Every structure is written in C-alpha cells, then in structure tokens.
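Asker: What follows is a predicted structure for the sequence shown.
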Amino acid sequence: MQRLDASWDPFDDYVIDFALARLRQGERIALVTLFSIDGTSPRPLGAQMAVTASGESVGYLSGGCLERAVVAEAQEAMKAGANRLVRYGKGSRFLDIQLPCGSAIELHFDVTATIAGLEATDHQYRARRESTAEIGPADETGRVLMRHYRPRLRLLIAGVGAAAVQLMLLGRTSGFATELLSPDEPTRAACAREGLVARPIHGSGHATAFSADARTAFVLMFHDHDWEQEFLAAALASEAFYIGAQGSRLVHASRRQRLLAAGFGAAAVARIRGPAGLFHGAKHAYAVAASILAEIIETEQRCFPSLVSLARAPAERAIAPLSRRPVTFARNGGANSPSSA
C-alpha cells in the first residue's frame, strides 16, 4: 500500500495498487507471480512483484537473490508485448542465476493486465472483500493459478499504556492496518505523535465502536479489567481470527468464569488467548508487544495458509484474469454468541 508520504514500500506483499497507479500514469507494467516451486522457497506460491518499464518495482519473490533478474526479464517481456513463464534455479536456462537453496521456481510475467481489471481487484481489497483472479495460462498445458486477494490484515487494540502503543507501532511496521480504542488521553496522544489512529471511548456502551471481520486481530490491553466485558462480548460475536487479552493466568481464569456465567459457551470462550502472547512474564512494553504480535502472525498463518488454489485445466476455468474483472467471493462466517450451553 502507498505510504502517507506518497512513497511505496518496495517489499509490500500487496502490489496491485502500485501497478494500477503506474498504469493510470501511462506507464507499462508487468505483474510477476510465483507460479510454481520445485523444492523450497522463502516466498509462497502466488507471491507477486509489480515492475514498470522504467525498472521501478514493488514486491519481492525471493530472499534477495533474484529481484534484479526479475526486473530485467519483466522489461524484456514488456518490450515483446507477450506474457511468459520463466524458470529460475535448478534446470533453468540461466546458468548464472542459481538459487542458494538448490531449488527452482517458475515465474509468470503478465504484461496484459488492464486498468479495469486491476481496479476491480483493488476496489474489493479496499472494501475488505476477498476476490480471486486467474493467473495464466502459463504454457501449452494451459496451467492456471487461482490467486486470492484477501483484505489487508487489521489490528484492533482496546486498552491503555506503553505496551498498547508499542503493539500499534509493530503492527504498522508489519503491514497491518492499526487502530486503538482507549479511554486514556496520554495513550492516544502517544499514538497521535507517531501518526497512528487512536479513538476515544467513554464509559458504558464503549464497545459500540467495535467492528471486526475475518481478517481482524483484536487485543484487549487494560489493567482495569472492568473495561473488558463489553468488548469480549462483541469480539466473540465477530469473525475476528484472533482474540487476545492481557493479564496473568489468574486474571484469565477469572475472565473465563465471568463469560461462562454470562452464558457464553465453552468453545466461544476458548477463542480468547489469555494471557495473550507466545511468551509470558515480559517486563518491557516492546517485549509484550513482540510476544503478542508473534502469536497473531502465527495464528494468521494457520487460518489463511495459501494465496492460491490448485491450478486448473482450461476447461475448468471460471474466473477472469486481471485483464478482466475478478470474481468476488463473499465470506459468511458464523458468529459465537451467548448461549445456554
């Protein structure tokens, strides 16, 4: 995504908005997709890189050993005006470009993406709706990948204090859209100084400000745990893929009992990670924040394991490539709510 200063993160995972911006400016672009892996790869299938004819790029497809070659190949593909599939590493025609891991990858270079096709994908992304586009066909076999564009990960925090601010900062650095809900003015002011979004909450009914979809991680970071109950009820009724709450094991046991007594089922209450984080007992705000963010990322990797669906034969294709409008899939997840169970 484009930064507030209008620059682009060269190592962003989402490259469609950059490609779209350059197309609108009249530049040619190539959308490069990691199409197949023979062995191992530091990047997942479906990872992408957008390259302009002038050599500007966003995204990455390796650990740093391949990107300059990708830019050069993309420029050649744009000059030729045709899509291509190129193999790098083991068995490649490029004897001077070897992958240190001894593996091989195939990259699909698409020079036919259109403004309309990219606009459709970007619109769904910004509306926090998942869409899917066809990548390929790559060769005479007609192989294609179904590439899923999921909404940007979102980190929503309700709480106060230094650890909440540190978690906001780490989340932003890690590519999350971040937001803090806090009754504490100094905490909100600390966020504002860092250019972070922080909104005030006041007394009863504060959870009305809560909204979480399936790509949202929610963390409670209050020392006064009386603020928690309304937020936890709202979080358990949402599709949030991660719900965490700060506090000791004793505090979390008490939290669980309150929710069970309020009518929430055991399976719903078990969604709450408490104490939040991969390791506990940290005494510094940065360590608490790092522990929680690591657990969030670990959970996200399990919930959303792949960017692509299996390749299909041409006769089975039903999804448009990025030169046309992608199909959107609505998410209709169930909600956990208080029950008598």
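Answerer: Now that the structure is in, tell me what you want to look at. Everything numeric in this text was worked out from a predicted model, so none of it was measured.
Asker: got a list of contacts for stretch 70-90?
Answerer: 28-30, 32, 35, 38-39, 49, 51, 53, 55, 57, 61, 66, 69, 93-94, 97-99, 101-112, 138-139 (C-beta atoms under 8 Å, 6 or more residues apart in numbering). C-beta coordinates here come from the backbone N, C-alpha and C atoms, glycine included.
Asker: how does it look with 6 Å?
Answerer: By C-beta atoms under 6 Å, 6 or more residues apart in numbering, the residues outside stretch 70-90 that reach it are 28, 30, 32, 51, 53, 55, 57, 97, 99, 103-111, 138-139.
Asker: residues making contact with the longest strand along the chain?
Answerer: Of all segments of type strand in the chain, defined using DSSP state E, the longest is strand 29-38. Contacts of strand 29-38 from elsewhere in the structure, counted by C-beta under 6 Å, 6+ apart, are 19, 22-23, 43, 45, 47-52, 61, 70, 74, 77-78, 103-111, 113, 135, 138.
Asker: cool, and stretch 297-308?
Answerer: Taking C-beta under 6 Å, 6+ apart as the rule, stretch 297-308 contacts 44-46, 145, 147-148, 241-242.
Asker: Poorly predicted segments of the stretch 201-341 of the chain, please.
Answerer: Low-confidence segments of the stretch 201-341 of the chain, defined by pLDDT under 70, span residues 310-341.
Asker: ok, now with 50
Answerer: Applying pLDDT under 50 to the predicted model, the residue ranges of the stretch 201-341 of the chain that meet it are 314-319, 324-341.
Asker: all strands for it, in order.
Answerer: If DSSP state E, counting those that start in this stretch is used as the criterion, the strands of the stretch 201-341 of the chain fall at 216-221, 242-245, 272-273, 308-312, 327-328.
Asker: Quick check: buried residues in stretch 179-187?
Answerer: Of the residues in stretch 179-187, those with enough neighbours to count as buried (16 or more other C-beta atoms under 10 Å) are 179-184, 187.
Asker: Can you give me the end-to-end span of that stretch?
Answerer: Stretch 179-187 has an end-to-end distance of 12 Å (criterion: C-alpha to C-alpha, to the nearest Å).
Asker: got a list of contacts for it?
Answerer: Stretch 179-187 is touched from outside by 156-158, 160, 168, 188, 191, 197-199, 201, 209, with contacts defined as C-beta under 6 Å, 6+ apart.
Asker: so Arg152 touches Ala177, yeah?
Answerer: Yes. Arg152 lies in contact with Ala177 (C-beta atoms under 6 Å); the separation is 5.3 Å.
Asker: Which one's more surrounded, the two?
Answerer: Taking neighbours as other C-beta atoms under 10 Å, Arg152 and Ala177 compare with Ala177 leading, 17 against 14.
Asker: Now that one: closest residue in space that isn't a chain neighbour?
Answerer: Nearest in space to Ala177, with sequence neighbours left out and distances taken as C-beta to C-beta, 6 or more residues apart in numbering, is Arg154 at 4.6 Å.
Asker: what sits against the one you found?
Answerer: Listed by C-beta under 6 Å, 6+ apart, the contact set of Arg154 reads 177, 215-216.
Asker: how does it look with 7 Å?
Answerer: Contacts of Arg154 were listed using C-beta atoms under 7 Å, 6 or more residues apart in numbering, and they are 176-177, 215-216.
Asker: Then Arg128?
Answerer: For Arg128, the contact set (C-beta under 7 Å, 6+ apart) comprises 151, 213, 215.
Asker: Backbone dihedrals for the last one, please?
Answerer: Summarising the backbone geometry of Arg215 under the convention degrees, to the nearest 10, its torsions are phi -110, psi 20.
Asker: gap between it and Cys65?
Answerer: In this structure, Arg215 lies at 31 Å from Cys65, with C-beta to C-beta, to the nearest Å as the measure.
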